[in-house]
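*Asks:* Pasting a predicted model and its sequence here:
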Amino acid sequence: MWRILGALGIAGALVAGGLSDANAAKKKSKPPIPFTEEMLLDEERISAGREIWQEQCQHCHGAKAYPGKAPKLKPAKYKPGFVYRRATDGFRKMPAFDDYYDDTERMNVEVYIRSDKFSP
């Protein structure tokens, strides 16, 4: 009997773990501070975001990565926080980078992508 209860407990834990993973996938992270006009024009943030873009993002989203590796970015259509959320939570085949880059770094990537200096 204990084996059956133990097996049910393990199965329940696996199901609960799967549900929490599903909920995590639906998570929509918000930047810790709002994107202000001043922030979006900050040359240091733009430069720092460009470095991360070139190191990490360009491989899949850059002009030389097409066709079909990852979606082409359309920064003019993005609302504030969109790129940050995708970099934090991941999306479809794109992994989350919240364990690799901190909030400021992920925000800087968005600042660069939304800047007039952005070049895929």
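*Replies:* Done, it's in. Numbering: from 1, shown residues only.
*Asks:* any idea whether the residue nearest to the spatial centre of the chain is helix, strand or coil?
*Replies:* Nearest to the geometric centre of the chain sits residue 87, at 1.3 Å (Cα atoms, centre = their mean). Here residue 87 is recorded as helix under DSSP: H, G, I helix; E, B strand; the rest coil.
*Asks:* Now do the contacts for residue 27.
*Replies:* By Cβ atoms under 8 Å, 6 or more residues apart in numbering, the contact set of residue 27 is residue 89. Backbone N, C-alpha and C define where each C-beta goes, glycine included.
*Asks:* Tell me, please, the helix or strand in the chain that averages the lowest pLDDT.
*Replies:* Between all helices and strands in the chain, the lowest mean by mean pLDDT, DSSP states H and E belongs to helix 2-25, at a mean of 41.
*Asks:* The residue nearest to the centre of the chain and residue 35: what is the separation?
*Replies:* 13 Å (Cβ to Cβ, to the nearest Å).
*Asks:* got any residues that touch both of the two?
*Replies:* Residues touching both residue 87 and residue 35 (Cβ under 8 Å, 6+ apart) are residue 110.
*Asks:* Can you give me the buried ones in stretch 62-80?
*Replies:* For stretch 62-80, burial by neighbour count (16 or more other Cβ atoms under 10 Å) applies to 62, 70, 73, 78.
*Asks:* Quick check: closest non-adjacent residue to the last one.
*Replies:* So that's residue 78. Computed as Cβ to Cβ, 6 or more residues apart in numbering, the closest residue to residue 78 that is not its neighbour in sequence is residue 114, at 6.8 Å.
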